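[1] Sequence plus predicted model, see below.
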Amino acid sequence: MIKVLRSKGWTLAAIGVTLVMLISGILIALRFYVKTDLYDTPVSLLEGKYSVDGGEWKELKADQTITDHFHKIEIRGKLTKNVLKLYDEINLITKDVWFELSTAGGETLSAYTFESMKTGYEHLVVGRPYALELPDTPGYRISTIRSLQLVNLYGIDPDTELVLTVEYPYSSSWKSFNYCFQVTYNYTDGLYMRFYYEALPVVLLFVLVCFFGLFFFPIAGRILGKMDYRYLTFGAVCFFWGTYMIVQSLSGYLNIWIMDPTLCMMLDHLTEFGFISSLLFYFKTNMRRSISRCIANLTGTVYLGVAITLLILQLTATADLTATSGLMNIITTAFILLMIVLLVTEVKGNRDTLYFLLSCVPLILTLGIDFLDRFISIPGAHFFRYGMAITMLVQIIALCYDLRQQYLERLRYEKMQKELYEANVAVMVSQIQPHFMYNALTSIAMMCKLDPDKAQEATVTFAKYLRGNMDSLKQKEPVPFEQELEHLKKYLYIEQLRFGKKLNVEYDIRVTDFRLPQLSVQPLVENAVKHGVGMKKKGGTVTIATRETDEAYEVVITDDGVGFDVEATRGNQETDGRSHVGMDNTKRRIKEMCGGEVVIESTIDVGTTARLILPKDNQPSLSS
């Protein structure tokens with residue numbers, strides 16, 4: 001059933017991914033082969049000169065990008081290209097700025113100011129201020145100017161001198177002009193065409209990223225048999241990163257569907273908050289030291305608390321998210337760098353952490369560039385999203401590789417479980433050999449006449465022994481040593497019925513709080529009885545002891561029997577007269593289930609010592 005669900009899950013996931021990639025590929029192909037004159041993106045609306053914050057006038061060409069940081073910029077000149085004849089509309093895409101386009105004589109052609117915004121929405125908000133209004137909050141806005149309106153209503157021609165004034169109202173920070181103000185020339189409904197051919201393919205690709213975040217990593221971890229917290233947090237990072245990049249790709253188009261410019265701005269900031277929060281908590285999953293994880297948890301919680309506080313300030317019309325973005329950018333940079341420092345302290349001896357840090361190099365570099373951009377104007381800044389994209393892609397590849405390795409490990413584990421089951425069967429069969437059952441039953445039969453009560457006790461003990469061997473077939477995990485010891489005592493009780501006074505058993509049990517594979521001690525004791533003291537005319541003593549060292553638990557079985565040549569036996573296992581089926585299976589089970597080993601030392605005519613060594617690092621919890 002699990003294999004069927006697993007197969008169906010991966011099939012549906014593959015179909016979904018294929019469809020999304022196919023649609024994205026078609027749209028990207030159309031983007032390259034569609035006629036390029038459907039729309040155009042000029043670098044500048046006007047060609048002439050411009051002044052930043054009342055400074056000197058600089059020349060502005062049609063193909064020139066204005067990258068200056070500004071609070072207020074004024075541009076004087078003529079419309080670039082033959083716009084009025086070639087295109088139906090001019091779209092002014094603005095972020096966090098007010099603007100006014102007018103003639104040199106002062107006649108307003110198009111304006112988006114605080115006063116005009118309130119006037120335009122008065123019919124929607126009767127009796128109260130504009131729904132999400134804050135003092136001087138432009139938000140994200142698309143303003144459309146019709147070419148026919150400019151020509152017929154205002155008498156504008158290609159030689160008309162125009163003035164464009166753009167104001168960034170936030171005094172606590174500033175941004176580059178090309179980020180805040182973009183222009184497109186379109187035919188009718190050309191903005192939708194631009195969205196379909198430019199933004200939609202990117203959106204679909206990041207929908208795929210969200211899909212990875214919501215389903216692939218969490219479900220993949222679950223299918224492999226465990227819910228890994230690292231996969232869950234990275235799934236959250238993928239989802240919020242995909243959502244953040246979708247909103248970033250749509251930021252110039254949001255006002256098409258969302259009429260409120262302030263809400264458009266809020267969506268941008270909120271998706272960024274969600275992404276950074278999930279990223280900080282994901283950093284924590286790559287830390288091992290408790291102090292580092294504690295600091296990381298505190299850092300992520302503080303960031304989330306600050307983000308919620310800023311959202312409350314926005315909703316209560318106290319301060320908008322753009323006004324507080326400067327503070328949030330500083331906090332984001334500081335917290336990410338703190339996480340990097342914590343990870344650096346854990347690099348020694350931890351290769352996974354080193355690889356994770358190397359994948360974060362693009363993120364750190366681009367974060368530093370964008371941070372410097374707040375103090376010096378860097379053309380084409382806002383690289384953070386690209387650095388994050390590289391880091392995320394590396395992480396996705398790394399975790400996919402990790403999932404593949406765990407999947408292969410899971411297959412190996414299932415194969416090992418099957419082999420262990422077969423080994424248990426072999427061990428059980430080796431323990432219940434016909435001659436052992438014959439000897440046990442014969443001894444019990446003799447007691448029935450001599451000592452009926454003891455015969456009854458022996459019969460019950462023998463039945464419990466057989467039941468223990470049958471139960472071992474169902475047991476796939478290590479069992480407590482006390483359980484193994486009880487079963488071992490039943491075996492020795494039966495053997496003492498056979499050997500009588502020739503078999504003496506002593507116990508030196510100093511520690512019991514550990515686990516080991518079921519029926520792993522009995523083959524060692526059986527060898528001590530059958531091939532040790534059992535081969536000695538006068539018999540002897542078998543001692544079972546346990547002890548604890550700094551690194552491991554040990555079970556030691558000692559006999560003073562005939563002994564044997566260990567080296568000779570290794571080279572001639574088929575002719576030494578000893579059965580190795582149970583012993584070989586025991587060694588393999590101890591190694592695979594507990595990472596342990598069996599060490600045997602023997603001296604002819606002195607005796608044999610078998611040590612079962614169980615490392616503490618591989619010990620399962622006794623409560624599990």
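    That came through fine.
[2] Enumerate the positions of stretch 260-269 that are buried.
    For stretch 260-269, the buried set under the neighbour-count rule, 16 or more other CB atoms under 10 Å, comprises 260-262, 264-269. Heads up, the C-betas are built off the backbone N, CA and C, glycines and all.
[3] typo on my end, it should be stretch 60-80
    Residues of stretch 60-80 classed as buried by neighbour count (16+ other CB under 10 Å): 60, 62, 66-71, 73-80.
[4] could I get that stretch in PDB with only the CA atoms?
    Once non-C-alpha atoms are left out, stretch 60-80 reads as follows in PDB (Å, rounded to 0.1, in the frame of the first residue of the first chain):
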ATOM      1  CA  LEU A  60      19.100  63.400 -20.300                       C
ATOM      2  CA  LYS A  61      19.000  61.300 -23.500                       C
ATOM      3  CA  ALA A  62      16.200  58.900 -24.600                       C
ATOM      4  CA  ASP A  63      18.400  55.800 -23.900                       C
ATOM      5  CA  GLN A  64      19.800  57.100 -20.600                       C
ATOM      6  CA  THR A  65      18.800  55.600 -17.300                       C
ATOM      7  CA  ILE A  66      18.600  57.800 -14.200                       C
ATOM      8  CA  THR A  67      20.100  55.900 -11.300                       C
ATOM      9  CA  ASP A  68      20.400  58.800  -8.900                       C
ATOM     10  CA  HIS A  69      19.000  58.600  -5.400                       C
ATOM     11  CA  PHE A  70      16.500  61.300  -4.900                       C
ATOM     12  CA  HIS A  71      13.700  62.900  -2.900                       C
ATOM     13  CA  LYS A  72      12.500  65.200  -5.700                       C
ATOM     14  CA  ILE A  73      13.500  65.200  -9.400                       C
ATOM     15  CA  GLU A  74      12.400  67.500 -12.200                       C
ATOM     16  CA  ILE A  75      12.700  66.600 -15.900                       C
ATOM     17  CA  ARG A  76      12.200  69.100 -18.700                       C
ATOM     18  CA  GLY A  77      12.100  68.100 -22.400                       C
ATOM     19  CA  LYS A  78      10.100  66.500 -25.200                       C
ATOM     20  CA  LEU A  79       8.500  63.100 -25.500                       C
ATOM     21  CA  THR A  80      10.900  60.500 -26.600                       C
END
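[5] so who does residue 136 touch?
    Residues touching residue 136, when contacts are defined by CB atoms under 8 Å, 6 or more residues apart in numbering, comprise 114, 169.
[6] give the contact list for the closest residue to residue 618 other than its chain neighbours.
    Here the nearest residue to residue 618 in space, its sequence neighbours aside, is residue 595; by CB to CB, 6 or more residues apart in numbering that works out to 3.9 Å. Residue 595 sits next to 614-615, 617-618 when contact means CB under 8 Å, 6+ apart.
[7] which of these lies closest to residue 463?
    residue 614 (30.0 Å; CB to CB).
[8] List the buried residues in the host helix or strand of that closest one.
    Secondary-structure element containing residue 614, defined by DSSP states H and E: strand 607-615. Under the neighbour-count criterion of 16+ other CB under 10 Å, strand 607-615 has 607-614 buried.
[9] What is it packed up against?
    strand 515-516, helix 522-530, strand 552-559, helix 581-594, strand 597-603 (3 or more CB pairs under 8 Å, 6 or more residues apart in numbering; DSSP states H and E).
[10] Figure out which of those is closest to residue 198.
    Of these, the one closest to residue 198 (CB to CB) turns out to be helix 581-594, at 56.4 Å.
[11] Show me what counts as buried in the closest one.
    By 16+ other CB under 10 Å, the buried positions in helix 581-594 come out as 582-590, 592-594.
[12] got those as JSON lines, with distance to residue 205 columns?
    Below are those laid out as JSON lines (distance: CB to CB, whole Å):
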{"residue": "582", "distance to residue 205": "59"}
{"residue": "583", "distance to residue 205": "59"}
{"residue": "584", "distance to residue 205": "55"}
{"residue": "585", "distance to residue 205": "53"}
{"residue": "586", "distance to residue 205": "55"}
{"residue": "587", "distance to residue 205": "53"}
{"residue": "588", "distance to residue 205": "49"}
{"residue": "589", "distance to residue 205": "49"}
{"residue": "590", "distance to residue 205": "51"}
{"residue": "592", "distance to residue 205": "44"}
{"residue": "593", "distance to residue 205": "45"}
{"residue": "594", "distance to residue 205": "47"}
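[13] coming back round to it: pipe the buried residues of stretch 260-269 into JSON lines and attach secondary structure per row.
    Putting those into JSON lines (DSSP: H, G, I helix; E, B strand; the rest coil) gives the following:
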{"residue": "260", "secondary structure": "coil"}
{"residue": "261", "secondary structure": "helix"}
{"residue": "262", "secondary structure": "helix"}
{"residue": "264", "secondary structure": "helix"}
{"residue": "265", "secondary structure": "helix"}
{"residue": "266", "secondary structure": "helix"}
{"residue": "267", "secondary structure": "helix"}
{"residue": "268", "secondary structure": "helix"}
{"residue": "269", "secondary structure": "helix"}
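[14] Going by distance to residue 330, which of those wins?
    Ranked by distance to residue 330 (CB to CB), these are led by residue 269 at 14.9 Å.
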